[in-house]
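Peer 1: Provided below are the primary sequence and the corresponding predicted coordinates.
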Protein chains: 2
Amino acid sequence: MESAEAARDVAWMTEAMALAKAAAALGEVPVGAVAVRDGVVVGQAHNRRELDQDPFGHAELLALRAAAKTLGAWRLTGVTLYVTLEPCTMCAGALVQARIARLVFGAADPKAGAVGSLTDVLADPRHNHRVQVVRGVLEAESSAELKGFFQRLRASRG
Amino acid sequence: MESAEAARDVAWMTEAMALAKAAAALGEVPVGAVAVRDGVVVGQAHNRRELDQDPFGHAELLALRAAAKTLGAWRLTGVTLYVTLEPCTMCAGALVQARIARLVFGAADPKAGAVGSLTDVLADPRHNHRVQVVRGVLEAESSAELKGFFQRLRASRG
């Protein structure tokens, strides 16, 4: 059973990685997210901060807002969010607000990650909701995509 | 100078309180927020979580997203956000993401506040942006409005 779940996690994270690559092609930091319930995608997005000039245009928030529209409810009970990078403080808090069941992420973010790196928002027992966490799925692919993006950015800026 | 700033803070928080009261009249938890730059409102909102079935429909996020549209930029440099209740973890993280200059809030939130109550997201020196904080402006009014709202809610549920 555990290996079947692990295989599904890799499959959904592969979808999230495809969104991250689409973001990079548009000049956005490559982060992608897919929200899944009962084996069906209910929301998906990549980072769009520059495209939309939206300070909250992170993949996680956009995917979960899409999921709320799909489901017609702000409580996203039973939803798993797959995201290629460890969420920041805002996005980790957003997972609690949206009452999702499970977070699966790829690469850790030592500079801004709030699910184990800088802090661990989801481990705080005082929050009114708990989220199950799985780390490191397709971590190497996500890290390589981010590293390549920033290398190209620096090269283009001379 | 300090008293002139304090008087301005009370004046803007009075606007935010009016929005909180409008939220209560619509059956939403009464929280209001006003984003100001150079003495001009660039965004304002009240809590709309139930109305929009949006898990991220908090007054702070909505007011700052409106400000980003008004200013045409995701970096909300020089913006002060007035909000009647201490921000949650998501919203406190959002203030960092949006790079606002200053947060002025009313009542503390002992259950979910992340600017001094449960945690203090804005005091973490590892974040890549610092936000100045002023606490307790119109605190009694905000607390009374929230208390009345929840009392009426419990009464209506018998």
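Peer 2: Cool, got the structure.
Peer 1: neighbours around A:H129, how many?
Peer 2: Counted with other CB atoms under 10 Å in any protein chain shown, the burial measure for A:H129 works out to 13 neighbours. In short, each C-beta sits where N, CA and C put it, glycine included.
Peer 1: same check, this time on A:E50
Peer 2: One way to gauge burial is a neighbour count; for A:E50, by other CB under 10 Å, it gives 14.
Peer 1: Check what pLDDT it gets.
Peer 2: We have a pLDDT of 97 for A:E50.
Peer 1: How is it classified with respect to secondary structure?
Peer 2: Under DSSP: H, G, I helix; E, B strand; the rest coil, A:E50 falls in the helix class.
Peer 1: so where does A:A92 fall, helix or strand?
Peer 2: Under DSSP states H and E, the secondary-structure element containing A:A92 is helix A:89-97.
Peer 1: Need the residues that contact that helix.
Peer 2: Identification of contacts with helix A:89-97 by CB atoms under 8 Å, 6 or more residues apart in numbering or on different chains yields A:56, A:58, A:60-61, A:64, A:81, A:83, A:87, A:103, A:112, A:114-115, A:118-119, A:121-122, A:127-129, A:131, B:55-56, B:58, B:88-94, B:96-97, B:114, B:121, B:127.
Peer 1: Can you give the contact residues for the lengthiest helix in chain A?
Peer 2: Residue-count comparison of every helix in chain A, with assignments taken from DSSP state H, identifies helix A:2-25 as the longest. Under the criterion CB under 8 Å, 6+ apart, residues A:29-34, A:36, A:41, A:44-48, A:59, A:80, A:82-84, A:104, A:106, A:134, A:137-138, A:141-142, A:145, A:148-149 lie in contact with helix A:2-25.
Peer 1: So which of those sit within helices?
Peer 2: Using DSSP H, the subset of the contacts of helix A:2-25 located in helices is A:A59, A:E141, A:S142, A:E145, A:G148, A:F149.
Peer 1: what residues are up against the most centrally placed residue in chain A?
Peer 2: Most central in chain A under CA atoms, centre = their mean is A:V83, positioned 2.5 Å from the mean C-alpha point. Contacts for A:V83 were tallied using CB under 8 Å, 6+ apart; they are A:A16, A:V31, A:G32, A:A33, A:A59, A:E60, A:A63, A:C91, A:L103, A:V104, A:F105, A:G106.
Peer 1: switch to 10 Å and redo it
Peer 2: Under the criterion of CB atoms under 10 Å, 6 or more residues apart in numbering or on different chains, the contact partners of A:V83 comprise A:13, A:16, A:19-20, A:31-35, A:45, A:58-60, A:63-64, A:91, A:95, A:103-107, A:115, A:137, A:142.
Peer 1: Tell me if stretch A:58-72 is near chain B.
Peer 2: Yes. Between stretch A:58-72 and chain B, judged by CB under 10 Å from any CB of the partner chain, the touching residues are A:H58, A:L61, A:L64, A:R65, A:A67, A:A68, A:K69, A:L71, A:G72.
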